[in-house]
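1. 3D, please:
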Amino acid sequence: MNKKITPQQNQANMQNANKGANGVNKQYAQNQGDKGKQQNPNHKK
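-> Okay, here's the model as predicted:
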């Protein structure tokens, strides 16, 4: 059941850690991974 996600929903999901629930949403997990890559001192720009 894959529904289309609007840009507004995607932006909200990237900031939503879903605290108190099992797991996290896909956008939040991907955003945290990208953030980690950017903050890595060995990351080439």
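2. Tell me where the chain is predicted with low confidence.
-> Applying pLDDT under 70 to the chain flags the ranges 1, 19, 45.
3. What is the longest helix along the chain packed up against?
-> Longest helix in the chain, counting residues (DSSP state H): helix 26-39. Secondary-structure packing of helix 26-39 (3 or more Cβ pairs under 8 Å, 6 or more residues apart in numbering; DSSP states H and E): helix 7-15. In this view, the C-beta of every residue, glycine as well, is placed from N, C-alpha and C.
4. what's the helix it packs on in contact with?
-> 5, 25-28, 30-31 (Cβ atoms under 8 Å, 6 or more residues apart in numbering).
5. so what's the residue positioned nearest the centre of the chain up against?
-> To find the centre residue of the chain, average its C-alpha atoms and take the closest one (Cα atoms, centre = their mean): that gives Tyr28, at 2.2 Å. With contacts defined as Cβ under 8 Å, 6+ apart, Tyr28 is in contact with 13-18.
6. buried set for stretch 16-32?
-> 24-25, 27-28, 31 (16 or more other Cβ atoms under 10 Å).
7. of all these, which comes closest to Lys44?
-> Asn31 (20.8 Å; Cβ to Cβ).
8. Name the nearest residue to the closest one, sequence neighbours excluded.
-> Leaving out its chain neighbours, the residue that sits closest to Asn31 by Cβ to Cβ, 6 or more residues apart in numbering is Met14, at 4.2 Å.
9. Just the closest of the contacts of Tyr28 to Gly36, please.
-> In terms of Cβ to Cβ, no member of the contacts of Tyr28 lies closer to Gly36 than Met14, at 13.9 Å.
10. any idea how far Asn42 is from that closest one?
-> With distances taken as Cβ to Cβ, to the nearest Å, Met14 is found 24 Å from Asn42.
11. Next: Gln32.
-> Distance of Gln32 to Asn42, given as Cβ to Cβ: 18 Å.
12. what does Gln9 give?
-> Between Gln9 and Asn42 the computed distance is 33 Å (Cβ to Cβ).
13. ok, the two, which is more surrounded?
-> Gln9 (14 against 5; other Cβ atoms under 10 Å).
14. now the buried residues of stretch 16-32 in a markdown table, with distance to Gln38?
-> Output for the buried residues of stretch 16-32, formatted as a markdown table (distance: Cβ to Cβ, whole Å):
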| residue | distance to Gln38 |
| --- | --- |
| Val24 | 19 |
| Asn25 | 20 |
| Gln27 | 16 |
| Tyr28 | 16 |
| Asn31 | 11 |
